[in-house]
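1. no sequence for this one, just the structure:
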């Protein structure tokens, strides 16, 4: 299964939402996941999970791991689960792997090279994992090819009237394949979940993730996994309860839309 996280606006929480839901699913379900992104320039995905200096000085300087190394392999070889693993970075052992992004900074070169092999690459990783999550922020031809191959598109929006109107005016043709997440959600806004669902006809297609400063800091500091593990069993009196509950609900929401049997895959206490 392939789920692509995308937004028509910047600063819509696409990267953090993709990262957080991948971790929640890995922690709570019997599924093995891969997360990656399609940006040809610096992405925040790697530094959401890992120390910034490690990403800069080691991970992105390695020629043996990441999407550049894997795409080079796929161009001339048939990839399977075992050899794909050699190109990834383990985030949660036997549960969640990351395929680091490209070090190519030339857009035209990156798009040209990836366009030639993206179908084979996606087919290979989909065969090797129960669920592949791609952060496809931005607009480029590669994003369109990834969306075409996706089983579901997770559109990340905020309670911004202009962003909402822009999506439903410009991308209505995508909506059959879409589910939606409202990032930095404020239940007291006039543009609350109920009103947005009614206005845009999104019955059973909209999840929310509230703003939480501790969560936001953890994403910026490369400590997302630690934060979620530490707060996974937060109770109602905990300041992070609302966030964890929303992330858990959003993860379940995504899996159900992918027709994954969550009762069968749910881990016990």
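-> Thanks, I have it. From a predicted model like this one, the values you see are computed outputs, not experimental measurements.

2. wait, what's in contact with the closest residue in space to residue 193 that isn't next to it in sequence?
-> Of all residues not flanking residue 193 in the chain, residue 208 sits nearest, at 5.4 Å (CB to CB, 6 or more residues apart in numbering). Placement of C-beta: from N, CA and C, glycine included. Contacts for residue 208 (CB atoms under 8 Å, 6 or more residues apart in numbering) come out as 181-182, 185, 193, 246, 250.

3. among these, which pair sits farthest apart?
-> 193 and 250 (12.0 Å; CB to CB).

4. so these two - more neighbours on which side?
-> Between residue 193 and residue 250, counted using other CB atoms under 10 Å, the more crowded position is residue 250 (23 against 17).

5. from what I can see the more buried one touches residue 21, true?
-> Yes - counting by CB atoms under 8 Å, residue 250 does reach residue 21; the two are 5.9 Å apart.

6. can you give me the strands in the stretch 101-250 of the chain?
-> Taking DSSP state E, counting those that start in this stretch as the test, the strands found in the stretch 101-250 of the chain are 131-135, 152-157, 178-185, 206-210.

7. where does the prediction get shaky in the stretch 151-269 of the chain?
-> 268-269 (pLDDT under 70).

8. now the farthest one out in the chain, which residue is it?
-> The outermost residue of the chain, judged against the average C-alpha position, is residue 237 (28.9 Å), by CA atoms, centre = their mean.

9. separation between that residue and residue 208?
-> 21 Å (CB to CB, to the nearest Å).

10. pull out the buried positions in the longest helix anywhere in the chain.
-> Longest helix in the chain, counting residues (DSSP state H): helix 107-128. Buried positions in helix 107-128, judged by neighbour count with 16 or more other CB atoms under 10 Å: 110-111, 113-114, 117-118, 121-122, 124-126, 128.
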